[in-house]
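>>> Below: sequence and its predicted model.
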Amino acid sequence: MNRDEMYFCWKEVTHNYEGSHRTGTFPYMVAAATLVYPWFTLLTALGNLFGIGGSSLVSRLLGAKRKDEVKYISSFCFYGGIVVTFVFSLLSLCFHVPLLKFLGASEENFLFARTYLIWVVVLGVIPTMMSMTLAHFLRSEGHARLASTGIMLGGVLNMLLDPIFIYGLHMGFAGAAVATALSNLVSMLFFLYRFGKLKEGTALSLSLRHFRLQYAGQVFSVGISSALTSGLATLSNMTIVKLASGYGDIPIAAYGIVKKIDMFPLGISMGLCQGFMPLVGYNYASKNYQRMREVSVFSWKTALFIAFGFVACFVGFAPWLMQAFIRDGQTSMLGTTFLRIACLAVPFTSVNALIIYTLQAMGKGFQAAVLTVCRQGLLNIPLLILMNRIFGLYGMIWTQLVIELIMLPATSGMYMVTCKRLKQNG
């Protein structure tokens with residue numbers, strides 16, 4: 001798409017947004033963002049491949065008193081991630097028409113989906129990926145507060161810029177996409193600035209002269225599990241959106257809003273995962289297994305407490321939560337039912353994810369990858385198709401709970417076997 005086409009797209013979407021509540025196009029806008037979002041979350045897979053893979057290795061190197069090697073890891077992950085992400089954005093731009101049709105875009109929401117894809121994925125992809133990678137590395141060295149500040153800065157700024165761009169600057173639907181891209185850019189600049197200020201206070205390096213390909217295998221051996229987790233989750237999300245598109249744009253819009261609401265407790269769980277990984281990795285490398293288990297169990301208990309609190313909130317206040325996001329009656333009513341079903345899986349999702357991340361932090365990439373493939377690939381996608389065929393639209397919403405209940409004994413068993421081996425070896 002050239003500059004003139006992008007300008008036309010922006011103008012047309014702006015016009016449609018301003019009349020959306022009169023013409024009933026608002027659900028189509030929500031559906032468009034829902035369709036593109038799984039493709040955008042593939043960035044998380046790339047970020048985890050380099051960010052979590054690299055930061056896990058950094059924590060273990062620090063625990064093993066091999067501090068001098070850290071600069072090579074951080075430089076490889078930083079620049080390797082930029083190259084891979086650039087290729088991803090370029091391919092998304094070149095093949096955006098067949099891509100959007102594959103994702104399930106309809107004639108009514110295609111224009112909105114294209115606008116969101118161009119701004120968030122094509123133009124905003126590198127800042128997003130760099131922010132995630134830099135945050136992971138700061139956590140790996142113990143700068144958790146600084147990493148959280150940068151991520152929160154992007155999130156809060158996004159919420160503040162949305163109404164400014166959408167209503168104040170009259171950019172409409174395009175304004176939401178621009179706000180997201182700009183927020184990620186500011187977050188990236190914040191991290192780069194803070195890295196420059198740390199100077200001698202960090203073993204990390206963003207210098208290209210420290211780039212070494214020899215560490216790729218060690219980074220990817222752990223990072224591939226996290227990348228698979230995000231990538232297969234994205235594929236599952238794409239599958240459910242594709243299946244839901246057969247029921248119309250209203251179910252897609254409802255599911256998209258529920259998915260965003262559901263991300264609050266899951267986001268906290270992922271924050272716990274990323275927060276305790278450096279502690280687990282450091283104590284594992286220094287052979288302080290008792291403290292490693294204490295950190296892990298504390299994180300699991302905290303995640304369960306938070307998750308059950310969110311479940312109670314979502315079940316009790318689902319109608320009001322949906323209406324806060326969209327005022328379309330049909331979408332809100334359908335989303336209320338979806339949310340009450342989907343939130344039941346949150347406690348089990350949190351525990352399964354925390355156990356898998358614990359194994360990753362210990363460098364057990366193979367075990368974590370096996371659990372991830374079983375959970376997100378071998379079970380999720382076939383079960384989604386089966387539940388849709390047998391129970392229809394609502395069957396797909398119940399699928400996540402079924403999968404997490406099946407996987408809980410497997411993840412717990414894998415962790416206990418790993419700990420038993422550590423005890424025997426120790």
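Right, received. Where do you want to start? Note that the structure is a prediction, hence the values are computed from the model and not measured.

>>> What strand or helix carries the closest residue to residue 52 other than its chain neighbours?
In space, and not counting its chain neighbours, residue 52 is closest to residue 226: 4.2 Å by CB to CB, 6 or more residues apart in numbering. All C-beta atoms are positioned from the backbone trio N, CA, C, and that covers glycine. Of the helices and strands defined by DSSP states H and E, residue 226 is found in helix 216-244.

>>> got the buried residues for that helix?
218-244 (16 or more other CB atoms under 10 Å).

>>> Can you verify my assumption that residue 120 contacts residue 40?
Yes: assessed by CB atoms under 8 Å, residue 120 is found in contact with residue 40 at 5.6 Å.

>>> Settle it for me: which of these two has more neighbours?
Counted by other CB atoms under 10 Å, residue 120 and residue 40 do not tie: residue 120 has more neighbours, with 24 against 19.

>>> what's the distance between that one and residue 302?
32 Å (CB to CB, to the nearest Å).

>>> do residue 383 as well
Relative to residue 302, and taking CB to CB, residue 383 is found at 29 Å.

>>> More neighbours: which of those two?
Taking other CB under 10 Å, residue 383 and residue 302 do not tie; residue 383 has more neighbours (19 against 16).

>>> Next up, the contacts around the more buried one.
Contacts for residue 383 (CB atoms under 8 Å, 6 or more residues apart in numbering) come out as 399, 402, 403.

>>> Quick one: find the helix or strand in the protein with the lowest mean pLDDT.
The helix or strand of the chain with the poorest confidence is helix 3-18; it has a mean of 40 (mean pLDDT, DSSP states H and E).

>>> List the residue ranges of this structure that fall below the pLDDT cut-off.
1-28, 30-31, 172-173, 199-201, 225, 274, 425-426 (pLDDT under 70).

>>> Would you point out which residue is most central in it?
residue 44 (4.9 Å; CA atoms, centre = their mean).

>>> So residue 406 is in contact with residue 371, correct?
No: here residue 406 does not reach residue 371: they are 11.7 Å apart, not a contact under CB under 8 Å.

>>> higher neighbour count, these two?
Neighbours per residue (other CB under 10 Å) separate residue 406 from residue 371, with residue 371 holding more: 24 against 14.

>>> which residues sit in contact with that one?
With contact set as CB under 8 Å, 6+ apart, residue 371 has these partners: 352, 355, 356, 359, 407, 410, 411, 414.

>>> How many residues are close by the fifth one?
This means residue 407. Neighbours of residue 407 (other CB under 10 Å): 23.

>>> Would you mind measuring from it to residue 365?
Separation of residue 407 from residue 365 (CB to CB): 18 Å.

>>> what do you get for the first one?
Distance of residue 352 to residue 365, computed by CB to CB: 17 Å.

>>> Comparing those two, which residue is more hemmed in?
Neighbours around residue 352 and residue 365, counted as other CB under 10 Å, are more numerous at residue 352. The numbers are 23 against 20.

>>> residues contacting that one?
Residue 352 touches 371, 375, 404, 407, 408, 411, counting by CB under 8 Å, 6+ apart.

>>> ok, which pair from those residues is furthest apart?
371 and 404 (12.0 Å; CB to CB).

>>> tell me the contacts of residue 356?
So residue 356 contacts 225, 229, 368, 371, 372, 375, 411 (CB under 8 Å, 6+ apart).

>>> just the helices in the stretch 151-300 of the chain please.
Remark: helices assigned in the stretch 151-300 of the chain by DSSP state H, counting those that start in this stretch are 173-198, 216-244, 249-285, 289-325.
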